[in-house]
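S.K.: give me coordinates for this.
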Amino acid sequence: MLLRTRVQAGEALSLEEMGSFYSHTSLERETVYNQGYAFTLYLANRFGDDVLKDISQALSSWKTYNVERAIEKATGIAADEVYEGWLNELRSHYSQV
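M.R.: Numbering: from 1, shown residues only. Down below sits the predicted model:
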């Protein structure tokens, strides 16, 4: 419900905001968790389960200093495009509910 409310209000966390738990209220931390979990499911459904392993492997490289680069390495698509695709899918889904 937190995710749906934020998406419909145009207040979904950015990919960068999803990467931090510090200095947030407990509700914001819950939002980071919920949105991150939903995004992870989207990645696995769209690209296959191996994409999660590939992102983790990319993050283990000293040359990959953020998740955006890891997502691009794992998918071959810019992270912001992947992220926007996910949000668009959610917007479409929630508008039909």
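
S.K.: longest helix of this structure?
M.R.: As assigned by DSSP state H, the longest helix anywhere in the chain is helix 26-47.

S.K.: how about that helix: buried residues?
M.R.: 31, 32, 34, 35, 36, 38, 39, 42, 43, 47 (16 or more other CB atoms under 10 Å). The C-beta positions use only the backbone N, C-alpha and C, and glycine is treated the same way.

S.K.: and what of stretch 79-91?
M.R.: Neighbour-count burial for stretch 79-91 [16+ other CB under 10 Å]: 79, 82, 83, 86, 90.

S.K.: so which residue is dead centre in the chain?
M.R.: residue 39 (3.9 Å; CA atoms, centre = their mean).

S.K.: next, the contact list for that one, please.
M.R.: Residue 39 makes contact with 18, 83, 86, according to CB atoms under 8 Å, 6 or more residues apart in numbering.

S.K.: residue 51 versus the last one, what's the distance?
M.R.: Looking back up the chat, that one is residue 86. 13 Å (CB to CB, to the nearest Å).

S.K.: ok, back up a step: now the residue nearest to the centre of the chain: how far from residue 10?
M.R.: From residue 39 across to residue 10, the span is 17 Å (CB to CB).

S.K.: do residue 67 as well
M.R.: 22 Å.

S.K.: quick one: find the helix or strand in this protein with the lowest mean pLDDT.
M.R.: Lowest on mean pLDDT, DSSP states H and E among the helices and strands of the chain sits helix 15-18, with a mean of 87.
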